[in-house]
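In: Have a look at this fold, sequence not included:
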Ligand code: ATP
């Protein structure tokens, strides 16, 4: 069974990652939302959002607080009705289907475990309420507990478990129902940083093993980059960019996406064919911008510190601040302020002069 799902998943990996939401017609087995609108009195929570998630993908809705990602997840779960638009799962319109009838399970931020039930019974709850025979309940629950490393905890109660273990019970409880789609609403936000990093990797591994569709909501860009096949970046009730982690990190289209996905130097300037004239100098770009005046972005790690003035795209800069981060040093420089990142073994002192090179392939032309 798991091999079968994995084979479907392999098939589904071939036809996406194009940078825009995959074409609707191709997504008969996955989940799509079409032209969803949702308003709460005077707040427009979702504005004409469409997206398509292929079966077996790890899909993330990433955006700042209040951008509408939880509302969209709740609409997919059936916990909220949209004002307009449709939710399609496996080719069927489920927009008005009650939450309990959808092949969708949700893991919430709070885990919401039943405190008076053992771990085994917490996981078995959904199966028992559907009157699944006892021997099947036992085998399915035990299989999920084992998969998540919880078999020793079966007779314990939630309060006897750590946060990370409780989080895994919540996952086991959702997965035991074998949903077509698993929705995860910031499920790691209650964990400390170290455990969170560990659970992210576990979650990614589990999703690959099961080949099921996972949809995660998070405001944490690092988390989104680690776990996802595809990321939809949301801002102010709209999806502003869609793509693989590498695409959205390395080729942001707007200042918002560039800055939300990590540190970025944003440099304004005027087009000169395939160059840009800026206050820092004139830089060669990989192609010619479509605008006359606009912005290019460069990630700190793409700026190189070079021993001599480079042949092109050089900037002479002065170190203002050097912040030691263990694995690297972050440098804040004038003019700018430009930010770059270097290996930790080299010491830089405030006031030190350095030459920088901004390679054309690191300079991303933004649309706006
Ligand atoms: P967060 O990360 O803070 O949870 P979010 O991106 O998930 O934010 P939503 O919870 O979807 O955002 O909220 C989107 C907007 O809709 C916000 O302005 C919020 O205040 C509003 N909103 C959400 N639910 C309701 C509701 N039940 N009644 C009124 N307004 C709501």
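Out: Everything's here; your move. No experiment lies behind these values; they were computed from the predicted model shown. Residues are numbered from 1 along each chain as shown.
In: residues near the residue in the stretch 101-250 of the chain that the ligand sits nearest to, how many?
Out: Proximity of the stretch 101-250 of the chain to the ligand (CB to the nearest ligand atom) peaks at residue 219, 5.1 Å away. Bear in mind the C-beta positions are built from the backbone N, C-alpha and C, glycine included. Residues lying near residue 219 (other CB atoms under 10 Å) number 18.
In: Also the one 5 residues further on?
Out: By the criterion of other CB under 10 Å, residue 224 has 27 neighbours.
In: pretty sure it is touching residue 230, no?
Out: No. Using CB atoms under 8 Å, residue 224 makes no contact with residue 230, being 9.9 Å away.
In: Give me the common contacts of these two.
Out: By CB atoms under 8 Å, 6 or more residues apart in numbering, residue 224 and residue 230 have these common neighbours: residue 60.
In: hmm, back to that, now do the phi/psi pair for the residue of the stretch 101-250 of the chain closest to the ligand.
Out: Per-residue torsions, residue 219: phi -110, psi 10 (degrees, to the nearest 10).
In: Okay, now stretch 241-249: how far is its last residue from its first?
Out: One end of stretch 241-249 to the other measures 11 Å (CA to CA, to the nearest Å).
In: Show me what from the stretch 151-300 of the chain comes close to the ligand.
Out: Contact residues (CB under 6 Å from any ligand atom) of the stretch 151-300 of the chain with the ligand: residue 219.
In: where do the helices sit along the stretch 151-300 of the chain?
Out: For the stretch 151-300 of the chain, the helices defined by DSSP state H, counting those that start in this stretch cover 163-175, 193-210, 221-227, 245-250, 255-260.
In: Tell me how many other residues crowd residue 349.
Out: For residue 349, the count of nearby residues is 7 (other CB under 10 Å).
In: In the stretch 251-368 of the chain, which residue sits nearest the ligand?
Out: Residue nearest to the ligand within the stretch 251-368 of the chain: residue 260 (12.5 Å; CB to the nearest ligand atom).
In: And that residue, what's its pLDDT?
Out: At residue 260, the pLDDT value in this model is 96.
In: how about stretch 172-179: buried residues?
Out: For stretch 172-179, the neighbour count (16 or more other CB atoms under 10 Å) marks 172-177, 179 as buried.
In: Can I get the residues you listed in TSV including pLDDT?
Out: Shown next, in TSV, are the buried residues of stretch 172-179 (pLDDT from 0 to 100):
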residue	pLDDT
172	89
173	90
174	87
175	86
176	89
177	85
179	87
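In: Can you tell me who the residue lying closest to residue 315 once chain neighbours are set aside pairs with across the strands?
Out: Using CB to CB, 6 or more residues apart in numbering and skipping residues adjacent in sequence, the residue nearest residue 315 is residue 356, 4.5 Å away. Note on residue 356: beta-bridge partners by DSSP bridges are residue 305, residue 315.
In: how close does residue 356 get to residue 345?
Out: 19 Å (CB to CB, to the nearest Å).
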